[in-house]
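Colleague: With the sequence up front, the predicted model follows.
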Amino acid sequence: GLHPSHKMVTIVKSKKFREQHGKILLEGQRLITDALAAGAQLQTLFFSTVESLKALPLDKLKRVQLIKVKFEEIKIWSDLVTPHGGMGIFRRPDHAKMKYPTVQQENTVPLSLICDNIRDPGNLGTILRSAVAAGCSKVLITQGCVDVWEPKVLRAGMGAHFRIPVVSNLEWEAIPNYLSSSTVVYVADHAYLGAGSSGQADNMDASGWVSTRQHEKQTETEYEDSDSDGEERDLPLELPDVGSLRYHDNWAQDQTALVIGGETHGLSLDALLLAGKTDGRRLYIPMSPSVDSLNSAMAASILLFEGRRQLLFRTAEAGRD
Ligand SMILES: C[S@@+](CC[C@H](N)C(=O)[O-])C[C@H]1O[C@@H](n2cnc3c(N)ncnc32)[C@H](O)[C@@H]1O
């Protein structure tokens, strides 16, 4: 029969357990090492050979419950093809208490990523991996997204969770608390709406919204889901008139945040409202007319690397005079 730990691992893999007990499961030597280096707290480690233990920082294993199991058992539990280095049960990391790699911190640009309704774990992990590679300073993840500690997200993230602050489970109202007050929020949108009347202060009423409703079709299809949590809320009578820029136009100037929408739900109304409030724009990657939209992770990568390029270029320009 199976080792009693089998049940334990199966349970730790469930979202309910992660939420109720504040624990996560990490597999493989690389991820476990990354997590330990960032200060995540390992509680229980399942390992199959003493060899695999040696690859881990021994000083960090002092107060850890070590459980030796047969390699065959780890293979049954693991999502990895070659699950060397075992499986560790960690306390769910608190971004405020983590220590991220210095080389990563030295290479960030003032670019934050906000994930909105990303439901697919492979996409979310891929997006995190790109965000780290593009030198984002942090990633904010709203409640409409898949759990960032789900094994598939961790696997696709390739250690991204332990390289920059990833703040998850956020309500939209809390997002501004994680952005400096000068941050301009841009939203990735596969629909190109033209310049809109954004920026033309004479069209705006006192609240900063403009009162033209140019894009009837979009307001009906894209935002149907924005209040599906059953909560009654006062929607603005008009959508904020947030105009579009192409991704290669100048947008990343100073403190910048980028919102990426989900696979089926797209952008939320909250995202657009925040873009409107901060004088941001929609960002559009021009596509062949036969294509409706790009995959969320693909769009995120293109925009993040372009944002990085623009931010670095501006810094270089400023440094010259
Ligand atoms: C698959 S698309 C969303 C499609 C969804 N059915 C909808 O109606 O909104 C996923 C997300 O990727 C981003 N995206 C996709 N294609 C894009 C493009 N060409 N330009 C800018 N962002 C794009 C947007 O943030 C979008 O919400």
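Modeller: Looks like it came in fine.
Colleague: Can you tell me the closest non-neighbouring residue to Asp189?
Modeller: Nearest residue to Asp189 in three dimensions, chain neighbours excluded: Arg282, at 4.0 Å (Cβ to Cβ, 6 or more residues apart in numbering). Any C-beta I mention is one placed from the backbone N, CA and C, and that applies to glycine too.
Colleague: is Ala257 in a bridge, and if so with what?
Modeller: Listed by DSSP bridges, the beta-bridge partners for Ala257 are Ser112, Val185.
Colleague: For the ligand, see how far away it is.
Modeller: With distances defined as Cβ to the nearest ligand atom, to the nearest Å, the gap from Ala257 to the ligand amounts to 13 Å.
Colleague: can you list the residues of the stretch 151-300 of the chain near the ligand?
Modeller: Residues of the stretch 151-300 of the chain that fall close to the ligand, judged by Cβ under 6 Å from any ligand atom: 188-190, 222, 260-261, 263-264, 266-267, 283-285, 287, 293-296, 299.
Colleague: need the next SSE after the helix or strand bottoming out on mean pLDDT in the chain, C-terminal direction.
Modeller: Here the helix or strand of the chain ranked lowest by mean pLDDT, DSSP states H and E is helix 216-221, holding a mean of 40. Remark: after helix 216-221, the chain's next helix or strand is strand 244-246, criterion DSSP states H and E.
Colleague: Distance from the chain centre to that following strand, please.
Modeller: With Cα atoms, centre = their mean, to the nearest Å as the basis, strand 244-246 stands 22 Å off its chain's centre.
Colleague: avg pLDDT for it?
Modeller: Computed over strand 244-246, the mean pLDDT rounds to 97.
Colleague: Parallel or antiparallel, which strands does it pair with?
Modeller: Sheet pairing for strand 244-246, assigned by DSSP bridges, gives strand 282-284 (parallel).
Colleague: Show the average pLDDT along the helix ranked longest in the chain.
Modeller: Taking DSSP state H as the criterion, the chain has its longest helix at helix 296-320. Along helix 296-320, the predicted local confidence has a mean pLDDT of 88.
Colleague: any residues touching that helix, and which ones?
Modeller: Outside helix 296-320, the residues within contact range by Cβ atoms under 8 Å, 6 or more residues apart in numbering are 109-111, 113, 118, 120, 122-123, 126-127, 130-131, 134-136, 186, 188, 190, 247-248, 250-254, 256, 258, 260-263, 283, 285, 293-294.
Colleague: Any stretches of the stretch 151-300 of the chain with poor pLDDT?
Modeller: Across the stretch 151-300 of the chain, the stretches falling below the confidence threshold (pLDDT under 70) are 196-237.
Colleague: again, only this time at 90
Modeller: Applying pLDDT under 90 to the stretch 151-300 of the chain flags the ranges 193-241, 265-266.
Colleague: what's around Ala156, how many residues?
Modeller: Applying other Cβ atoms under 10 Å, we find 20 other residues in the vicinity of Ala156.
Colleague: right, I mislabeled it, should have said Glu173
Modeller: Using other Cβ under 10 Å, Glu173 has 8 neighbouring residues.
Colleague: Compute the distance between it and the ligand, please.
Modeller: As for Glu173, its distance to the ligand is 21 Å (criterion: Cβ to the nearest ligand atom).
Colleague: What of Gln255?
Modeller: According to Cβ to the nearest ligand atom, Gln255 stands 20 Å off from the ligand.
Colleague: just Cys115 next, same as before
Modeller: In this view, Cys115 and the ligand are 10 Å apart by Cβ to the nearest ligand atom.
Colleague: What are the buried residues along the longest helix of the chain?
Modeller: For helix 296-320, the neighbour count (16 or more other Cβ atoms under 10 Å) marks 296-297, 299-304, 306-308, 310-311 as buried.
Colleague: now it, how far from the centre of its chain.
Modeller: Relative to the mean C-alpha coordinate of its chain, helix 296-320 is positioned 18 Å out (Cα atoms, centre = their mean).
Colleague: what about the strands in this protein?
Modeller: Listed in chain order, the strands found in the chain under DSSP state E are 23-27, 42-47, 65-68, 87-91, 111-116, 138-142, 166-170, 184-188, 244-246, 256-261, 282-284.
Colleague: mind putting the ones you listed in a markdown table, distance to Pro176 and mean neighbour count included?
Modeller: Listed next are the strands of the chain as a markdown table, based on distance: least, Cβ to Cβ, whole Å; neighbours: other Cβ atoms under 10 Å:
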| stretch | distance to Pro176 | mean neighbour count |
| --- | --- | --- |
| strand 23-27 | 27 | 24 |
| strand 42-47 | 34 | 20 |
| strand 65-68 | 41 | 13 |
| strand 87-91 | 28 | 23 |
| strand 111-116 | 11 | 26 |
| strand 138-142 | 10 | 23 |
| strand 166-170 | 10 | 19 |
| strand 184-188 | 9 | 25 |
| strand 244-246 | 22 | 16 |
| strand 256-261 | 10 | 28 |
| strand 282-284 | 19 | 24 |
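Colleague: among the ones you listed, which is nearest Leu274?
Modeller: strand 184-188 (4.9 Å; Cβ to Cβ).
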